[in-house]
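Novice: predicted model and sequence follow; I will ask about them next.
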Amino acid sequence: MSNELSAAGEADLGEAMPEVLRVWRDGEVAVFEIDNPPVNATSQSVRRALLDAVQRAQSEPETKALVICGAGRTFTAGGDISEFGKPPREPHLPDVINRIEESAKPVVVAWHGTALGGGCEIGLGAHKRIIAKDGLVGLPEVKLGLLPGAGGTQRLPRLIGPVAALDLIATGRMVGAEEALRLGLVDAIARDDLRAEAIELARGLIGQMQPRLSLRNTPAAEPEAWQAMVDKVNREARGRMAPQRAIELVSQSLTLPFSIGQPNERRAFFELMNSEQSRGLRHLFLAEREAGKRPELAGVTPRDVRQVGVIGAGTMGSGIAVAFLDAGYKVMLIEADDAALQAGLDRVNGLYLRSIRSGRIDENTRLARLANLAPTTEMGRLAACDLVIEAIFEDMGVKLELMKKLAGLLSASTLIATNTSYLDLEPMADALPAPERFLGLHFFSPAHVMKLLEIVRARRTSHEALATALAIGRKLKKIAVISGVCEGFIGNRILAKFRAQCEFMLEEGALPREIDAAMEAFGLAMGPFAVQDLAGLDIAWARRKRLAATRDPNERDVPIVDRLCELGRFGQKAGKGWYTYENGRRVPDPAVESLVRAHATATGRRQRSFSAQEIQNRVLTAMVNEGAKIVGEGIAARPADVDLVLVNGYGFPNWRGGPMHHADMLGLAKIVVIAEETAARDGQAFSVAPLLKELVASQGSFAALNGG
Ligand code: T1G
């Protein structure tokens, strides 16, 4: 039977200690349970309590073995992110873990929930590891721009070999129990009762000499496998420093003793901690968790949504249907006629077949998800839905007609959402009784893959509808950001300014390939012209033609895309656009370059060459300036929300933290100087955001507006 020995914080450990470690004994086994909600982070108090408990156990004759486990939903999420960037406080985690490893009495770690970062490293210091069936373990530090800093880069390769270790450290991916066992990362998977089995395991080790990972040699790697992994990590690092440092440190575990490798790791850890890349990634981690927290929504209970109707089974509609099916919702997919419905179903099936082929899901999962799909052409059936999302043609007239139809079909309490990416929500809301249940759910294509969801709040959208949308976003595992209504909402509004600035540079002497190369060097996955080719230039052309009649003739407008389309250069699908495509490979086309040059000369503007840095500065300034307007107008609640949108929906490099965070790093004064130059040059197409000027005048920063 278990008997409670002490709780850290009670008499024997001194008054000052918070109760973050519960200690009791099961026969000869002392059990230490980390209890530091919400995720048992290895905060200073936890490190102190764990170190004291392990030390004390050494001299307790009745204790012969130790088990370390976690309370609540997770073993530990690792280092306490709120302590990052502050001076480290003793005891340091590497020392605590070294002490665990040196324990004369065997130590077993019981992993449940997630054992991440420092939580995984505690396990590597222990003598045996057991994991719950549904437990996950990993070293995700790289996602925060860091590396494991408590021995992980040195002990993991010694345990599972350098190739697998580098894979886990450089990707930061979590592995489940089965894979952990296969890799040799755990000694056992608990059959049933993790705690009891961990205690049993510890009991079986009593009296035996315990191996220390730090004294072991890293097993030699197959040279080709090692090189292949190094190449993969370098390829995928794309400007990020942490994965590259991981290669260096895991390599050191092959040649250097732990006593040298560990201090090297610690140095790298602090260097990275102070890097802009890690600051950017940590900013996004916190921004993601803050995005859904709105003071006005505190205490508002989201509605229960189970049955979702999706109207329109085109690319967006079918992707949205799959996103909801994947999250366990029942989905009704509506099309106007049988042929369109069948085409939509084929799309849904195609998405699932791709998921099977890539190993993301198995056949049973596919069948289970499809069992929740009800395809139909009968609009009347929508009455059974808790939420209806329209994903039909992007045309106000068509959408208004649909809203009128829905008004007659649905009860006034059914939530109604539009997936429009540009159109004004207010006229649609006007067409509905009870407009407070209406809002925008702007998904990004492919909707079942892309992480971003813009929740668009119309003037009358209720708190309940917003809270429900946020809860849906969480269930869909999306990063949901609330936007007010404006042309293009947060993301497309900034994208429009970004693209315009790129086209303006074409008129001043830059070439598409130079702009793309500069922006790819900045960290964008693809340059803006290559992206347009991928999406198809005809879409922009159609929109331009639609807007031509109402365009202000004084506004700076670049018509090059019209010329390309007139020549049938619709982008990748036509084999030519801003570039020519040879066997799928993009190559600059002299014909386009002379067309661009001819247009540029005809504008009468001064022609000059651009450095990559100048291109990047102009693009960034255009984005940040528009972002500042969006925040200033209250369309986005915080600059950090703008960062989340650009990083998760538009390929802005996450290690730069998003445009607003990056602007803070560069200094807003510098951005304002470039913005003022731009305003002088671009006339009506550009004005400096008042908020940006205010912040510079008050020596403020976007960060100060993030709160949280
Ligand atoms: N430190 C402090 N707070 C944390 C935290 C952490 N490591 N992880 C999560 N939280 C907070 C989070 O801000 C939120 O707070 C709440 O917990 C719930 O999180 C030397 C030093 C564990 C998979 O990178 O991946 O170890 O918003 O909303 O979706 O090598 O959180 O409620 O106020 O995310 O269930 C490495 C990061 C650290 C893990 C849970 N560890 N965390 O996901 O809940 S570096 C990580 C996660 C390290 C050593 C170094 C996830 C999760 P609030 P949540 P979730």
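Specialist: Everything's here; your move.

Novice: okay, and the helix or strand of this structure with the least pLDDT?
Specialist: None of the helices or strands of the chain scores lower by mean pLDDT, DSSP states H and E than strand 2-7, at a mean of 44.

Novice: rounded mean pLDDT for the helix or strand that it is followed by, please.
Specialist: Sequence-wise, the next helix or strand downstream of strand 2-7 (DSSP states H and E) is strand 21-26. Computed over strand 21-26, the mean pLDDT rounds to 96.

Novice: pull out the buried residues from strand 21-26.
Specialist: Going by neighbour count (16 or more other Cβ atoms under 10 Å), the buried part of strand 21-26 is Leu21, Arg22, Val23, Arg25, Asp26. For glycine as for every other residue, the C-beta is placed from the backbone atoms N, C-alpha and C.

Novice: also stretch 348-364?
Specialist: Buried, per 16+ other Cβ under 10 Å, within stretch 348-364: Val348, Leu351, Tyr352, Ser355.

Novice: of the residues you listed, which belong to helices?
Specialist: Here DSSP state H is the test, and these give Val348, Leu351, Tyr352, Ser355 as lying in helices.

Novice: Val642: which of the residues you listed is nearest?
Specialist: Nearest to Val642 out of those is Leu351 (Cβ to Cβ; 29.9 Å).

Novice: and Gly299, how far from the ligand?
Specialist: Gly299 is 16 Å from the ligand, where distance means Cβ to the nearest ligand atom, to the nearest Å.

Novice: just the element for that residue, please.
Specialist: Assigned by DSSP H and E, Gly299 falls within no helix or strand.

Novice: could you do the one 5 residues further on as well?
Specialist: Assigned by DSSP H and E, Asp304 falls within no helix or strand.

Novice: neighbours of it, how many?
Specialist: Around Asp304 sit 8 other residues, with neighbours defined as other Cβ atoms under 10 Å.

Novice: residue contacts, the nearest residue to it once chain neighbours are set aside?
Specialist: Spatial nearest neighbour of Asp304, chain neighbours left out: Asp386 (7.1 Å); criterion: Cβ to Cβ, 6 or more residues apart in numbering. The contact partners of Asp386, by Cβ atoms under 8 Å, 6 or more residues apart in numbering, come to Arg303, Asp304, Val305, Arg306, Gln307, Val308, Thr414, Leu415.

Novice: closest to the ligand among the residues you listed?
Specialist: Val305 (19.7 Å; Cβ to the nearest ligand atom).

Novice: for the residue of the stretch 351-500 of the chain found nearest the ligand, give its distance to Glu288.
Specialist: Across the stretch 351-500 of the chain, the shortest distance to the ligand (Cβ to the nearest ligand atom) belongs to Arg474, at 8.4 Å. Here Arg474 is placed at a distance of 11 Å from Glu288 (Cβ to Cβ, to the nearest Å).

Novice: neighbour count winner among these two?
Specialist: The residue with more neighbours, out of Arg474 and Glu288 and counting by other Cβ under 10 Å, is Glu288; that gives 18 against 13.

Novice: just confirm that one contacts Leu644, I think it does.
Specialist: Yes - counting by Cβ atoms under 8 Å, Glu288 touches Leu644, with 6.4 Å between them.

Novice: overlap of the contact sets of the two?
Specialist: Ile479.

Novice: then Gly309 would be within a helix, right?
Specialist: No - with DSSP: H, G, I helix; E, B strand; the rest coil as the criterion, Gly309 is strand rather than part of a helix.

Novice: rewinding a little: emit the PyMOL select command for whichever of the contacts of Asp386 are buried.
Specialist: Only the buried entries of the contacts of Asp386 go into this PyMOL selection, using 16+ other Cβ under 10 Å:
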select buried, resi 303+305+307+308+414+415
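
Novice: and which of the contacts of Asp386 is nearest Trp578?
Specialist: Proximity of these to Trp578 (Cβ to Cβ) peaks at Val308, which lies at 38.3 Å.

Novice: distance of the closest one relative to Lys475?
Specialist: For Val308, the distance to Lys475 - Cβ to Cβ - is 11 Å.

Novice: OK, contacts around the residue lying closest to Glu276 once chain neighbours are set aside?
Specialist: What sits nearest to Glu276 in space, not counting adjacent residues and going by Cβ to Cβ, 6+ apart, is Met665, at 5.5 Å. Counting by Cβ under 8 Å, 6+ apart, Met665 touches Glu276, Arg279, Gly280, Arg656, Gly657.

Novice: make CSV out of these and add pLDDT and secondary structure.
Specialist: Listed next are the contacts of Met665 as CSV, based on pLDDT from 0 to 100; DSSP: H, G, I helix; E, B strand; the rest coil:
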residue, pLDDT, secondary structure
Glu276, 95, helix
Arg279, 96, helix
Gly280, 97, helix
Arg656, 97, helix
Gly657, 97, coil
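
Novice: tell me which two of those residues sit farthest apart.
Specialist: Arg279 and Arg656 (9.8 Å).

Novice: surely Ala689 touches Glu626?
Specialist: Yes - under the criterion of Cβ under 8 Å, Ala689 makes contact with Glu626 at 7.4 Å.

Novice: between those two, tell me which one has more neighbours.
Specialist: More crowded of Ala689 and Glu626, by other Cβ under 10 Å: Glu626, with 24 against 21.

Novice: tell me the secondary structure at the more buried one.
Specialist: Of the three states, Glu626 takes helix according to three-state DSSP.

Novice: domain map for the chain?
Specialist: The chain breaks down into these domains under automatic domain parsing: 7-273, 305-483, 491-706.

Novice: just the buried positions in stretch 526-540, please.
Specialist: So for stretch 526-540, counting by 16+ other Cβ under 10 Å, buried means Gly527, Pro528, Phe529, Ala530, Val531, Gln532, Asp533, Gly536, Leu537, Asp538, Ala540.

Novice: closest to Ala30 among the contacts of Asp386?
Specialist: For the contacts of Asp386, the residue nearest Ala30 by Cβ to Cβ is Asp304; the value is 45.2 Å.

Novice: what does the stretch 1-150 of the chain have sitting close to the ligand?
Specialist: For the stretch 1-150 of the chain, the residues in contact with the ligand (Cβ under 6 Å from any ligand atom) are 38-39, 41, 77-82, 93, 114, 116-118, 121, 140-141, 144, 146, 148-150.

Novice: could I have the buried ones of the residues you listed as PyMOL selection syntax?
Specialist: The buried subset of those, as determined by 16+ other Cβ under 10 Å, is captured in PyMOL by this line:
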select buried, resi 39+41+77+78+79+80+81+93+114+116+117+118+121+140+141+144+146+148+149+150
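
Novice: from the residues of the stretch 1-150 of the chain next to the ligand, which land in helices?
Specialist: Among these, DSSP H puts Leu93, Gly118, Glu121 in helices.

Novice: which phi and psi does the closest residue to the first one other than its chain neighbours have?
Specialist: When you say that, I think you mean Leu93. Closest residue to Leu93 apart from its sequence neighbours, by Cβ to Cβ, 6+ apart: Ala150 at 4.0 Å. Phi and psi for Ala150, reported as degrees, to the nearest 10, are phi -130, psi 50.

Novice: dump the residue contacts of Ala150.
Specialist: Contact partners of Ala150, counting by Cβ under 8 Å, 6+ apart, are His92, Leu93, Pro94, Val96, Ile97, Gly118, Glu121, Ile122.

Novice: tell me, what's the model's pLDDT at it?
Specialist: If you check Ala150, the pLDDT there is 98.
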